[in-house]
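Trainee: Build me a model from this:
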Amino acid sequence: MTKIMKIFGLDKIDKIVSMIEEFVVSACMIMMAAALLVTLVFRLLNITIVGGEEVAEFAIIWMTFLGLALCARRGINISMSFFLDKMPANTKNIMTILICLITGICCLYLAVLGIQLTSAVFTRGQITPALRIPIGYFYMAAPIGFTLSGIYYLANVAKGMKTKKMMVNMRSGENE
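Mentor: Prediction:
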């Protein structure tokens, strides 16, 4: 898989996508905190500031869905591992691969639904009340985040099938 990525230059694209994800999640976290802090301070001073909550909402939505993708990429997603911990290593690896496969397919299905919803919202021309920006930009986070998450889960499945051992420990996110 790594050789194929290098041949087609996908490893560089993967690094760029990873850097963009990390930057956007970090920027959204800072933007959310700043917007809420500024709104709070101005409210305490009895000054009305328009759109602070919408900026924070936008940042939270994007941070959530791109954060999901980032966690899927790094293998640090939350899992209930009680039953997996009780299984033998071979069965545990098979179950982990199966879980990643099902999760990846579900994420890609949710991405398709998100694309349909986002295009419907853009078609209707809905806008936010305070900032007057199209609401579709809020909704775009879901299909992008779910698509990336689905790709990362399926990539983990491919790695697990190739090595006959799951590459990511789902509980701790550490490589084995």
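
Trainee: Residue 154 reaches residue 103, doesn't it?
Mentor: No: assessed by C-beta atoms under 8 Å, residue 154 is found out of contact with residue 103, at 9.2 Å. C-beta here means a position set from N, CA and C on the backbone, and glycine is covered the same way.

Trainee: Between these two, which has more neighbouring residues?
Mentor: Higher neighbour count among residue 154 and residue 103: residue 103, with 21 against 18, using other C-beta atoms under 10 Å.

Trainee: residues of the strand or helix carrying the more buried one that come out buried?
Mentor: Under the criterion of DSSP states H and E, residue 103 resides in helix 89-124. In terms of neighbour count (16 or more other C-beta atoms under 10 Å), helix 89-124 has its buried residues at 92-93, 95-97, 99-101, 103-104, 107-108, 110-111, 114-115, 118, 121.

Trainee: now swap in stretch 41-61 and tell me
Mentor: For stretch 41-61, a neighbour-count test (16+ other C-beta under 10 Å) marks 49, 51, 52, 54, 55, 56, 58, 59, 60, 61 as buried.

Trainee: same deal with stretch 70-90?
Mentor: 70, 71, 72, 73, 75, 76, 77, 79, 81, 84.

Trainee: from the chain's centre, how far out does that stretch sit?
Mentor: Using C-alpha atoms, centre = their mean, to the nearest Å, the mean C-alpha position of stretch 70-90 is found 17 Å from that of the whole chain.
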